[in-house]
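A.B. asks: Below: sequence and its predicted model.
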Amino acid sequence: MAYSLEQIASLIGAKHIGNQDSKIDWILTDSRSLCFPEESLFFALKSNRNDGHHYIPELYQRGVRNFVVSAPPQDMSRYADANFLVVLDPLKALQRLAERHREAFNIPIIGITGSNGKTVVKEWLYQILSDNYVIARSPRSYNSQIGVPLSIWNLNAQTELGIFEAGISQCGEMEALQTIIQPQYGIFTSLGNAHQENFVSMDEKCHEKLKLFKDAELLIYNEDNTMIKEGIQSYGMSSKAFGWSFHNPDARLFVRPEYQERSTVLTYRYQGTTDQVEIPFIDEASITDATHCLAMALYLNVDRNVIRQKMAQLEPIAMRLEVIEGKNGCTLINDSYNSDFNALDIALDFMNRRPDCQGKERTVLLSDLCQTGEKPEELYGKVATLMESRHIKKVIGVGEAISQFADHFPMEHHFFTTTDELIGSGLLETLRNEVILIKGARTFRFDELTELLELKVHETILEIDLNAVVENMNYYRSFMKPETKMVCMVKASAYGAGAVEIAKTLQDHHADYLAVAVADEGADLRKAGIKSNIMIMNPEMTAFKTLFEYELEPEVYSFRLLDALIHAAEKEGITNFPIHIKLDTGMHRLGFDPYKDMEQLIEKLKHQTAVIPRSVFSHFVGSDADGFDEFSKLQYERFLHGSDMLQKAFPHKILRHICNSAGIEHFPERHLDMVRLGLGLYGINSRNNETINHVSTLRTTILQIHDVPKEDTVGYSRKGILHRDSRIAALPIGYADGLNRKLGCGRGYCLVNGQKAPYVGNICMDVCMIDVTDIDCKEGDSVEIFGKNLPVTVLSDLLDTIPYEILTGISTRVKRVYFQG
């Protein structure tokens, strides 16, 4: 639905500077997502760490002519044919525009909020209802103050139902989201500890979330959650509440779960009749999310046979935007969960932002688009234009509808009516050194294409949740002042998670610095397209040329290293190369003495121009333990003494940093100019050894199951002695993969279908054995070595070590799989 620029200026109350009028189809808040410059309106949003106004010159060069700003550029002559809509606050203007756009549609809207489960409930509702309605919904997890307006913009003339998420992290945010979404129906999924640091109490958080539903006619919730139930009552919403329960037979919807081996039967009573649905999940969270969806579908009077059929086919949402190493040098981006135009645009944007796109052709495997409500010729014309604007070199289409419009696609293209026809063509075997987006509706079975294209190296994988990395980053930012900078540690392959993927995510979210251990790690990041500042914590004297070539900023901790670096830089004719001065305040590992060495250090630095101190830092010995607080105070005083001396000797600002992850939380008064985030980024709070937002999951599969009689033995040296007739499963993971041998012989365990399975006998190099006698499982079932249900801290406690050692010890032969959204 296009608006004229004059319409938008009127809707948001803007002063229009410029003489042109334009048709606006696209809203842009991130310069990296630019696709259609002539039809885009860029909102120059300001945050604590960035300012969209800085990107106006670049966007103008790329063809954008329409901007919403808080102040016009000083030199307007550079933008003679541009339009500037001047407002007090571009974010509030964006929200105001979304609000007015929403009001143009008299259709039912479902609003979803809660601490967990929002995206799953939204996507499952889409799966259940998409045959009954043309649906617009939030892309991925677009539920923030910016994400919600961008989601609402997807409403168009064909839309019959909207499903939108709303997420908040502090008081005062939900009012704006409520006026934008204006839901007729609501779902409150859960109430947990996420962002609790910004709320006085759980009651306050509950009331804040309930504001989304103040004008709704229906609110679905789990009445077994006492806090939500009491919040609804105290907020005066009982008359609109639709409570369901696993325990109360008198609830409006009463559900009784019956667990099967790989599924759950939900027997329910609603409006006096009893029925059943079966879902392909057995975990508690999925059962709760599915029951929310069941309640909504029943309220909307969806045929119960349709509900039964759709819920039996529910897909796990984790399938979305999965990055996989492919055969023949290819990188696969698997989004084979659904296929609609908005999701396609987001997936293409994700693809184009990836550093490993550089030097590789971009290919898209695309099925027919479903439930759009548009005429096919118009729809696939838009798709072709989108592909061209995103610089796609090859399109492989599957489906009767898309195949009819092959001539719309100007790039290399191949079309097939069925997935089987594509597989049989042999085309997939010809793909080489390409980034391949696999985007298809689930009815086209594109998961089979992923299987064919995937590089099958190992049945053991390490799954990395990139959204959780960002959540952890923001958790620690909540303790910081807006002006405080952050160094994110990605050394040791980002604590085993994979440095390139993690660095790309951190760069996208404005980390001020990345830090690695050695120069080769930094060079690899540069080769992968990482442009952020990179600090080298342990620079080797043989790697100076690498530092200079790739603009890697070294830590300098000794006079010998400093002299050698200055000599190498002068030899190359380099001046003002940034370095980071390490002070030893008590770790006694590396660093200059903050009292004895400072005069000599300053003298050396002042009498040369090859290097220049960018920052000065030290390292707390025990910020994770209150018992070391006095020593931490002493370290801080030593650091202030040395860093003050250094700063007074130079006219430019030298950044100071001493706080690590634990220090960020424990010593907010000692953040200074910058902090360093390490283990906390990967979900481990070293203050209490608990998980913040879970990032890494190590999984494998059952290779084989044997029935082994009592008193027989398992494994090398007959260490696994059986005291009963047992079922023993073999797993394709061993100490060469990073599974510690000390977990063997019953000292540790993994999880099979959610149940503990102890390791039996010695752990071998490539294989280990577990006891599954009391577990309902079969060959091919998934096994969790550590993850959400078995935190890595449990393993580190069993091994009397630290989580760092386990995470960094996962072998490079274990495939990393990344999820986002």
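C.D. replies: Nice, I can see it.
A.B. asks: rest of the way, CA atoms for contacts and neighbours
C.D. replies: Noted.
A.B. asks: List the contacts of the spatially most distant residue from the centre of the chain.
C.D. replies: Within the chain, the residue lying farthest from the chain centre (Cα atoms, centre = their mean) is Glu711, at 48.4 Å. Residues in contact with Glu711 (Cα atoms under 8 Å, 6 or more residues apart in numbering) are Ile721, Leu722, His723, Arg724, Asp725.
A.B. asks: go on, Gly18?
C.D. replies: With Cα under 8 Å, 6+ apart as the criterion, the residues that contact Gly18 are Asp81, Ala82, Asn83, Phe84.
A.B. asks: tell me the pLDDT at the spatially most central residue of the chain?
C.D. replies: With distances taken as Cα atoms, centre = their mean, Asn467 lies nearest the centre of the chain, 1.6 Å away. You'll see Asn467 listed with a pLDDT of 88.
A.B. asks: how near is it to Asn474?
C.D. replies: Counting by Cα to Cα, to the nearest Å, the separation of Asn467 from Asn474 is 11 Å.
A.B. asks: which of the contacts of Gly18 are buried?
C.D. replies: By neighbour count, with 16 or more other Cα atoms under 10 Å, the contacts of Gly18 hold Ala82, Asn83, Phe84 as buried.
A.B. asks: does His16 count as helix, strand or coil?
C.D. replies: The three-state label given to His16 by DSSP: H, G, I helix; E, B strand; the rest coil is strand.
A.B. asks: Inside helices: which ones of the contacts of Gly18?
C.D. replies: When DSSP state H defines the helices, the subset of these inside them is empty.
A.B. asks: And those, which is the shakiest by pLDDT?
C.D. replies: Lowest pLDDT among the contacts of Gly18: Asp81, with 90.
A.B. asks: Now do the contacts for it.
C.D. replies: Gly18, Asn19, Gln20, Arg65.
A.B. asks: most surrounded residue in those?
C.D. replies: Most neighbours among those, by other Cα atoms under 10 Å: Arg65, with 24 neighbours.
A.B. asks: if I pick the closest residue to it other than its chain neighbours, what's in contact with it?
C.D. replies: Nearest residue to Arg65, sequence neighbours excluded (Cα to Cα, 6 or more residues apart in numbering): Ala82, at 4.5 Å. Applying Cα under 8 Å, 6+ apart to Ala82 gives the contacts Gly18, Gln20, Val64, Arg65, Asn66, Phe67.
A.B. asks: coming back round to it: distance to Gln404 added to the buried ones among the contacts of Gly18, as CSV?
C.D. replies: CSV is the format used below for those (distance: Cα to Cα, whole Å):
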residue, distance to Gln404
Ala82, 39
Asn83, 40
Phe84, 42
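A.B. asks: Okay, strands next: where are they in the stretch 201-350 of the chain?
C.D. replies: Secondary structure of the stretch 201-350 of the chain by DSSP state E, counting those that start in this stretch: the strands cover 218-222, 241-245, 253-259, 264-270, 273-279, 322-325, 331-335.
A.B. asks: ok, and for stretch 437-451, which residues are buried?
C.D. replies: Leu437, Ile438, Lys439, Gly440, Ala441, Arg442, Phe444, Arg445, Phe446, Asp447, Leu449, Thr450.
A.B. asks: so which helix or strand takes in Leu462?
C.D. replies: Assigned by DSSP states H and E, Leu462 falls within strand 461-465.
A.B. asks: Packing partners of the following helix or strand past that strand?
C.D. replies: Per DSSP H and E, the first helix or strand lying C-terminal to strand 461-465 is helix 466-477. For helix 466-477, the contact count by 3 or more Cα pairs under 8 Å, 6 or more residues apart in numbering; DSSP states H and E identifies helix 499-508, helix 661-666, strand 815-819 as packing neighbours.
A.B. asks: Which one of those lies nearest to His694?
C.D. replies: Closest to His694 of the helices and strands packed on helix 466-477, according to Cα to Cα: strand 815-819, at 12.4 Å.
A.B. asks: Just the CA trace of that closest one, in PDB.
C.D. replies: Extracted C-alpha coordinates of strand 815-819, given in PDB (Å, rounded to 0.1, in the frame of the first residue of the first chain):
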ATOM      1  CA  LYS A 815      29.900 -28.700  12.500                       C
ATOM      2  CA  ARG A 816      28.600 -25.300  13.700                       C
ATOM      3  CA  VAL A 817      25.000 -24.500  12.800                       C
ATOM      4  CA  TYR A 818      23.700 -21.000  13.400                       C
ATOM      5  CA  PHE A 819      20.100 -19.800  14.000                       C
END
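A.B. asks: Where does pLDDT dip in the stretch 601-750 of the chain?
C.D. replies: 689, 691 (pLDDT under 70).
A.B. asks: Please enumerate the helices of it.
C.D. replies: Along the stretch 601-750 of the chain, counting by DSSP state H, counting those that start in this stretch, helices occupy 629-648, 661-666.
A.B. asks: now swap in the stretch 1-150 of the chain and tell me
C.D. replies: Assigned by DSSP H, counting those that start in this stretch, the helices in the stretch 1-150 of the chain fall at 5-12, 56-61, 90-103, 118-129, 147-152.
A.B. asks: okay, those in TSV with mean neighbour count and distance to Asp289 next?
C.D. replies: Below are the helices of the stretch 1-150 of the chain laid out as TSV (neighbours: other Cα atoms under 10 Å; distance: least, Cα to Cα, whole Å):
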stretch	mean neighbour count	distance to Asp289
helix 5-12	18	37
helix 56-61	15	42
helix 90-103	21	27
helix 118-129	23	6
helix 147-152	24	21
